[in-house]
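A.B. asks: Got a sequence here, can you build the structure:
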Amino acid sequence: MSKPLSLLRQFSDEIVALAEQIVQSTASVTGQTSDFRECTGSAWLYDAEHLVTNNHVVENLVDPIHVQLPGGGATQAWVIGKDPLTDLAVLRADPQSAPPLRISQEGARLGELCFAFGCPLGRYPESLSIGIVSGLKRSISAGDRQSIFDVIQTDAAINPGNSGGPLVNTEGLVIGVNTEIDTEAEWGIGFAIPGETVAQVVSELITYGTVERASLGVTVARKPVSGVPTGHALVVTALRNNPAGPLLEGDVLLTVAGREIATQNDLLRALRRDVANRRIQVMVLRDGQEIMVECLPRAMRSYG
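C.D. replies: Purely as a prediction, here's the structure:
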């Protein structure tokens, strides 16, 4: 009678099977800038002809851009949409036979195992690293780019070239898109754009090429607030474009157009193209009282 496999062997076999599944749908991205610098990154199949990557991977590239999946040759791809605010971009290529990856509906969970796939340093395609989700709802800012909110923190090894590759859970579902590391850390602090953001932004990029957003004409910050379930909320800190409008400094945003607001990412999701230039209801906490006010968000300039 054969000896039962050890738990470690079973765990190892599960990782091998997962790697075989995800690697076939993870591509390397190569291109040149206008000054002939070679740039590399990663991407993954969203559907047969669209690949998701980071905006910073492709934003400075000139045609031709090439993507390459395992077992195939390099094929040309075109940027059809990008969103600097979430550091996401979509490439279109000839239809591919590899199966698209699916985005987790549950999202990342603190402490769960995760796997980062991609082509680190542009020299090691079909690579993966293992780690855990070590933080949620982080905010990151890279260089002169605006802050990205609600990102996933992981200790799975992420290196230049991994950007744009998928971060997946043990079921092989995408929970994030690898985007950058904290350069001040010696090791183990990487970040990924969460799957929920990816699902919303990518569909809009495929349809419109850009993500349109609206503005309430105020500046907000997440601060401790008593009387709200999470203990923190978005507070109006300055009036920018509409100082005589219904929102006041110190107002705590509770809902915008019927959507509950707890983080900056919640507000970004609420202020999408469908609310621009039309009157919406905003509930705020003002002097301890919940008040409903009517606002007219103005369309912001298109990104991408």
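A.B. asks: from here on, contacts and neighbour counts on C-alpha atoms
C.D. replies: Will do.
A.B. asks: And the helices in the protein?
C.D. replies: Under the criterion DSSP state H, the chain contains helices at 7-23, 55-58, 195-208, 264-270.
A.B. asks: Those helices into CSV, with extra columns for distance to Gly118 and mean pLDDT?
C.D. replies: Putting the helices of the chain into CSV (distance: least, CA to CA, whole Å; pLDDT from 0 to 100) gives the following:
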stretch, distance to Gly118, mean pLDDT
helix 7-23, 8, 96
helix 55-58, 13, 95
helix 195-208, 17, 94
helix 264-270, 26, 84
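A.B. asks: and of these, who's closest to Ser141?
C.D. replies: Closest to Ser141 of these, according to CA to CA: helix 55-58, at 12.5 Å.
A.B. asks: what's in contact with the lengthiest strand in the chain?
C.D. replies: Taking DSSP state E as the assignment, the strand of the chain that covers the most residues is strand 127-140. Counting by CA atoms under 8 Å, 6 or more residues apart in numbering, strand 127-140 makes contact with 19, 23, 108-120, 147-158, all of which sit outside it.
A.B. asks: 7 Å instead?
C.D. replies: Applying CA atoms under 7 Å, 6 or more residues apart in numbering, the external contacts of strand 127-140 come out as 109-119, 147-157.
A.B. asks: and what of stretch 17-25?
C.D. replies: With CA under 7 Å, 6+ apart as the contact definition, stretch 17-25 has outside contacts at Trp44, Leu45, Leu69, Pro70, Ala98, Pro99, Pro100, Leu101, Glu126, Gly172.
A.B. asks: Convert that stretch to PDB, retaining C-alpha atoms only.
C.D. replies: Provided in PDB are the C-alpha atoms of stretch 17-25 (Å, rounded to 0.1, in the frame of the first residue of the first chain):
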ATOM      1  CA  ALA A  17      -0.700  23.400  -9.700                       C
ATOM      2  CA  LEU A  18      -1.500  27.000  -9.000                       C
ATOM      3  CA  ALA A  19       1.700  28.200 -10.600                       C
ATOM      4  CA  GLU A  20       0.900  26.200 -13.800                       C
ATOM      5  CA  GLN A  21      -2.500  27.800 -13.900                       C
ATOM      6  CA  ILE A  22      -1.500  31.400 -13.400                       C
ATOM      7  CA  VAL A  23       1.800  31.500 -15.300                       C
ATOM      8  CA  GLN A  24       0.200  30.700 -18.600                       C
ATOM      9  CA  SER A  25      -1.900  33.800 -18.400                       C
END
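A.B. asks: Now do the buried residues in it.
C.D. replies: By neighbour count, and taking 16 or more other CA atoms under 10 Å as the criterion, the buried residues in stretch 17-25 are Leu18, Ala19, Ile22, Val23, Gln24, Ser25.
A.B. asks: Quick check: the gap between the second one and Leu167.
C.D. replies: Here Ala19 is placed at a distance of 12 Å from Leu167 (CA to CA, to the nearest Å).
A.B. asks: Make sure Leu69 is actually in contact with Thr26.
C.D. replies: Yes. In this structure, Leu69 sits in contact with Thr26. The criterion is CA atoms under 7 Å, and the distance is 6.2 Å.
A.B. asks: The two: which is more packed in?
C.D. replies: Neighbour tally, Leu69 and Thr26, criterion other CA atoms under 10 Å: the higher count belongs to Thr26, 31 against 22.
A.B. asks: circling back: deepest in the core, which of the helices of the chain is it.
C.D. replies: helix 55-58 (a mean of 24; mean count of other CA atoms under 10 Å).
A.B. asks: about what we covered before: most neighbours, which of the contacts of stretch 17-25?
C.D. replies: The most crowded member of the contacts of stretch 17-25, judged by other CA under 10 Å, is Trp44 (30 neighbours).
A.B. asks: in the stretch 201-304 of the chain, which ranges drop under the pLDDT threshold?
C.D. replies: Counting by pLDDT under 70, the stretch 201-304 of the chain contains low-confidence residues at 242-244, 301-304.
A.B. asks: again, 80 this time
C.D. replies: Within the stretch 201-304 of the chain, the set of residues satisfying pLDDT under 80 comprises 227, 230, 240-245, 265, 273, 300-304.
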